[in-house]
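Visitor: Give me coordinates for this.
(one chain, ligands or ions: 1)
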Amino acid sequence: MKLPPGMTLLSPDDRSLLLDIADAHGTPTYVYFGRTVEERIRQLRSHLDGLPLRLLYAMKANHAVPMMRTMLEQGLGIDAVSPAELAYALAVGFPADRVFFSANNMTDEEMHYAHGKGVLLNIGELSRLEAFGKAYPGSEVCVRLNGQVGAGHHEHVITAGEKSKFGIPVEQIETIHALARQHDLRIAGLHQHIGSGIMSTETLWKAISVILDASRSFDQLRFINVGGGLGIPYRPGEQPLDMTSFDRLIVAPLKAFIASHPSSNLQIWFEPGRFFTAESGVLLARVNTVKEGTHRTFAGTDSGMNHLVRPAMYGAYHHVVNLTRPDGPERVYDVVGNICESSDFFAKDRAVAELREGDIIGVLDAGAYGMSMTTRYNMRSEPAEIWITQEGSTQIIRDRLTLDQLVEFALGAR
Ligand code: LLP
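Guide: Presented below is the predicted three-dimensional model:
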């Protein structure tokens, strides 16, 4: 069986490092390999070389401080979708002109806050564009379009198309122009993001070509932001995004578009989240209970859907490895958590090297939409988080909350 890239990146040295971390810091713990993040940034950049480019990072995927600092050092900007994401990005050190504010269904308060911080707003509703125009006539703004081409690894993550709440339908472009004229707004950018976990370069291009066509009626554009959405392989044997086809179907036509565009300073922006971070992350958990049911064997861990909700929420596949005993005979398990819900699982009917109570498992490719989607459901703490630098040293990002802290928080929140 071919191992997924996330696994091949785990050398025996990495495994023993992960076991050392589990020993020293306990479980559950998210661990991120900084080298993988840098490698993915380099990889995408090398394919986009030659385009007038800006790369943003969709921080909703993972906002751990060292992750953010890596993006900052690598010269990326930030796609922020809430006032706190925006304030935090600024606090980490991103200059306001590298932050893009894409909150959907924005309130007046959020709009004033973001504008006051000097960041560019990305607006996906006509009524918000009008409110922005009234409040800040003469300003620059970006509009998010819905070009009616959506895609994604699950229905819940498709963010364009007729069923999607996101973006202004391309069919309403005339109204965008009318509002811009009325309030003297400069439409400096067009944006779209069609969904997440997309492995088809054809679909990505189909969507991009809609927004490129739409861009021809806007004469003050500085950039076209084609969003994120680049998928990664999660399953053994699944192929990564085909970068040869990415070059041919997306990069080459984008270069041709830029060359033929009358504006000399038009940039193309991409804003991935998952592609940069997913493969860098491993969730470490300890097997507490191995239980023979009537028809299945359950491996119960000290983590669960409160820490990685993707399997419960999207039926998402994450590869599970036994780090303590990787070479044992394979057995089939439901690998589950300690949360009081039947949707609390990491894997079902999954062959894993035989698990014994006390073993440490690694849930792979958990660096995107893992920690950032945690909850304290059942009054259990978030996992600890650890960063492994390019040089291989470990840094604690955060600890788990203690039982006392959890109780204090609950009492205080009454
Ligand atoms: N830009 C915008 C406006 C977005 O809404 C998103 C993700 C991204 C960029 C980054 O998308 P990415 O490159 O990571 O696919 N929780 C789901 C994914 C939800 C993505 C939401 N928006 C999951 O775990 O699969």
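
Visitor: What residues are recorded as beta-bridge partners of Ile123?
Guide: For Ile123, the beta-bridge partners under DSSP bridges are Val143.

Visitor: Please work out how many residues are found near it.
Guide: Residues near Ile123, counting by other CB atoms under 10 Å, number 29. In short, each C-beta sits where N, CA and C put it, glycine included.

Visitor: and it, what does it touch?
Guide: By CB atoms under 8 Å, 6 or more residues apart in numbering, the contact set of Ile123 is Met106, Leu129, Phe132, Val141, Cys142, Val143, Arg144, Ile168.

Visitor: And for Val31?
Guide: Contacts here follow CB under 8 Å, 6+ apart; on that basis Val31 touches Leu18, Ile21, Gly281, Val282, Leu284, Glu385, Ile386, Trp387, Ile388.

Visitor: can you check Gly124 too?
Guide: For Gly124, the contacting residues are Ser102, Asn104, Val143, Arg144, Asn146, Phe166, Gly167, Ile168, by CB under 8 Å, 6+ apart.

Visitor: again, 7 Å this time
Guide: By CB atoms under 7 Å, 6 or more residues apart in numbering, the contact set of Gly124 is Asn104, Arg144, Phe166, Gly167, Ile168.

Visitor: Give me the secondary structure label for the residue found closest to Val321 once you drop the neighbours it is linked to in the chain.
Guide: Using CB to CB, 6 or more residues apart in numbering and skipping residues adjacent in sequence, the residue nearest Val321 is Gly362, 4.9 Å away. Under DSSP: H, G, I helix; E, B strand; the rest coil, Gly362 falls in the strand class.

Visitor: Could you check how many residues crowd around Gly362?
Guide: Gly362, neighbours per other CB under 10 Å, totals 27.

Visitor: Residue numbers of the protein in contact with the ligand?
Guide: When proximity is defined by CB under 6 Å from any ligand atom, the chain lies next to the ligand at 58, 60-61, 79, 102, 157, 159, 193, 196-197, 227-230, 271-275, 310, 314, 368-369.

Visitor: Lowest pLDDT pick from the contacts of Gly124?
Guide: Lowest pLDDT among these: Phe166, with 90.

Visitor: and Thr389, backbone torsions?
Guide: Main-chain torsions, Thr389, degrees, to the nearest 10: phi -70, psi 170.

Visitor: ah, wrong one, I meant Gly26
Guide: Reported as degrees, to the nearest 10, the phi and psi values for Gly26 are phi 80, psi -180.

Visitor: Please report how far it lies from the ligand.
Guide: Distance from Gly26 to the ligand, counting by CB to the nearest ligand atom, to the nearest Å: 25 Å.

Visitor: Give me the pLDDT for that residue.
Guide: Predicted confidence (pLDDT) for Gly26: 98.

Visitor: With Gln192 instead?
Guide: According to the prediction, Gln192 has pLDDT 96.

Visitor: again, but for Arg414
Guide: Listed pLDDT for Arg414 reads 53.
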